[in-house]
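**Student:** give the three-dimensional model of this entry:
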Amino acid sequence: MEQIITFVSEHREMFYFIILSVFVGVEVIGGVPTVLHTPLMSGANAIHGVVIVGAIYVMLHVDPSDFYALALGFLAVLLGTLNVVGGFVVTDRMLEMFKKK
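**Tutor:** I've put the predicted structure just below:
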């Protein structure tokens, strides 16, 4: 318990930044009209390819005998890929709605 208190007190600014980011994010997303929410989120999911690149980069620098770090990196790559593919699928479906028949 003492280690947790020490960590929190040493990184107090980081926690303030995260809390402020959550409040700003809620206000920004809350201000988006309902009609634009799905295209905005699908585009944001497609941009999450950065997560995949970051996870691959981190996995390249992990000790090969560290199974847990490799498994967590694999999970990050897998979930990031699903997020990107889902973003493209939803965006494609939204664009299909505006094509002439």
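**Student:** and whichever helix in the chain runs longest, what does it pack onto?
**Tutor:** The longest helix of the chain (DSSP state H) is helix 67-97. Judged by 3 or more CB pairs under 8 Å, 6 or more residues apart in numbering; DSSP states H and E, helix 67-97 is in contact with helix 34-47, helix 49-60. Where you see a C-beta, it was placed from the backbone N, CA and C, and this is true even at glycine.
**Student:** what angle separates the last one from helix 67-97?
**Tutor:** So the one you mean is helix 49-60. Helix 49-60 and helix 67-97 meet at an angle of 160 degrees, taking axes from the mean of the first three to the mean of the last three CA atoms, to 10 degrees as the criterion.
**Student:** so which of the helices and strands packed on helix 67-97 is nearest residue 87?
**Tutor:** Among the helices and strands packed on helix 67-97, the nearest to residue 87 by CB to CB is helix 34-47 (2.9 Å).
**Student:** including mean pLDDT, mean neighbour count and distance to residue 100, could the helices and strands packed on helix 67-97 go into CSV?
**Tutor:** Shown next, in CSV, are the helices and strands packed on helix 67-97 (pLDDT from 0 to 100; neighbours: other CB atoms under 10 Å; distance: least, CB to CB, whole Å):
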stretch, mean pLDDT, mean neighbour count, distance to residue 100
helix 34-47, 71, 13, 19
helix 49-60, 88, 14, 31
